[in-house]
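Undergrad: Quick one, fold the following:
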Amino acid sequence: ALHASQTKIAVAANFTAPAKDIAFAFQAATGHEAVLSFGASGQFYTQISQGAPFDVLLSADDSRPKKLAQDGLALKDTQFTYAIGKLVLWSKNADLVKDEQSLKSAAFTKLAIANPASAPYGVAALETLKNLGLGETLAPKLVQGNSIAQTFEFIDSGNAELGFIAVSQLSGNTAGSRWLVPQELYSPIKQDAILLNSGAQNPAAVAFLLFLKGAEAQNIIRKYGYETTL
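TA: Residues are numbered from 1 along each chain as shown. Just a heads-up that it's a prediction; the model follows:
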């Protein structure tokens, strides 16, 4: 703790709750402080490309960390999958969502998804609709959140009757109705971490990634409904 320092972590919005728990455990274990910023992975990619002073990216996909490494903005050998996300269809209405038939009946006016241009969970939502043969039918009913966090707010506030969000966002929340989307309906949501150039000489940033791979952090990740490969 005598040599404790601070590291700035860019965190995909779906990972908000577990990241807070991990940051707390990390500081208790190492003395280092992880300062967290939450948003859409695509927006973070843009910000980092423009010089935003983050040390670590916890993305909601594996493609943006890889591209940052290709762009010379991150260390290629530090990339790893810290979590595999799961998609859920959720409504605050206890009777609205049962299974895929809830989508096929189209007994709603607005279906919320995250913006697929910036949020991988939005891509997964569109893949699901396409694989169910509902892509064109439901396109007029889609409303997009800038991130998966805003998508949750659309549903939670009633501005959309239902929508696709991350399973982790419903941790401890039993309200409403939900359908866990079968994983064969969308590509695996591999969420990768990477050390950015600005964090290469920061001992707290290096220590955070090491902690993220460890048993304590991995147990927290699984507690929130993610799968892990470590």
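Undergrad: Could you confirm Trp179 falls within a helix?
TA: No: counting by DSSP: H, G, I helix; E, B strand; the rest coil, one finds Trp179 to be strand, located in no helix.
Undergrad: Correct me if wrong: it contacts Lys98.
TA: Yes: using C-beta atoms under 8 Å, Trp179 is in contact with Lys98, at 6.6 Å. Backbone N, C-alpha and C define where each C-beta goes, glycine included.
Undergrad: These two: who's more crowded?
TA: The neighbour comparison of Trp179 against Lys98 (other C-beta atoms under 10 Å) goes to Trp179, with 19 against 12.
Undergrad: The more buried one pairs with what?
TA: Beta-bridge pairing of Trp179 under DSSP bridges involves Leu89.
Undergrad: And it, how far from Leu96?
TA: From Trp179 across to Leu96, the span is 10 Å (C-beta to C-beta, to the nearest Å).
Undergrad: ok, which stretches of the protein are helices?
TA: 16-30, 41-49, 63-70, 101-104, 120-131, 135-138, 148-156, 203-213, 215-223 (DSSP state H).
Undergrad: Would you mind giving those as JSON lines with distance to Lys92 added?
TA: Shown next, in JSON lines, are those (distance: least, C-beta to C-beta, whole Å):
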{"stretch": "helix 16-30", "distance to Lys92": "19"}
{"stretch": "helix 41-49", "distance to Lys92": "26"}
{"stretch": "helix 63-70", "distance to Lys92": "31"}
{"stretch": "helix 101-104", "distance to Lys92": "14"}
{"stretch": "helix 120-131", "distance to Lys92": "18"}
{"stretch": "helix 135-138", "distance to Lys92": "19"}
{"stretch": "helix 148-156", "distance to Lys92": "6"}
{"stretch": "helix 203-213", "distance to Lys92": "33"}
{"stretch": "helix 215-223", "distance to Lys92": "24"}
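Undergrad: any chance of those in TSV, plus mean pLDDT and distance to Glu184?
TA: TSV is the format used below for the helices of the chain (pLDDT from 0 to 100; distance: least, C-beta to C-beta, whole Å):
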stretch	mean pLDDT	distance to Glu184
helix 16-30	97	25
helix 41-49	97	23
helix 63-70	98	21
helix 101-104	97	16
helix 120-131	98	8
helix 135-138	98	17
helix 148-156	97	21
helix 203-213	98	28
helix 215-223	98	21
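Undergrad: For the ones you listed, please prepare CSV with the additional fields mean neighbour count and distance to Leu111.
TA: CSV is the format used below for the helices of the chain (neighbours: other C-beta atoms under 10 Å; distance: least, C-beta to C-beta, whole Å):
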stretch, mean neighbour count, distance to Leu111
helix 16-30, 18, 22
helix 41-49, 20, 21
helix 63-70, 19, 25
helix 101-104, 16, 8
helix 120-131, 22, 9
helix 135-138, 13, 6
helix 148-156, 23, 9
helix 203-213, 20, 33
helix 215-223, 17, 28
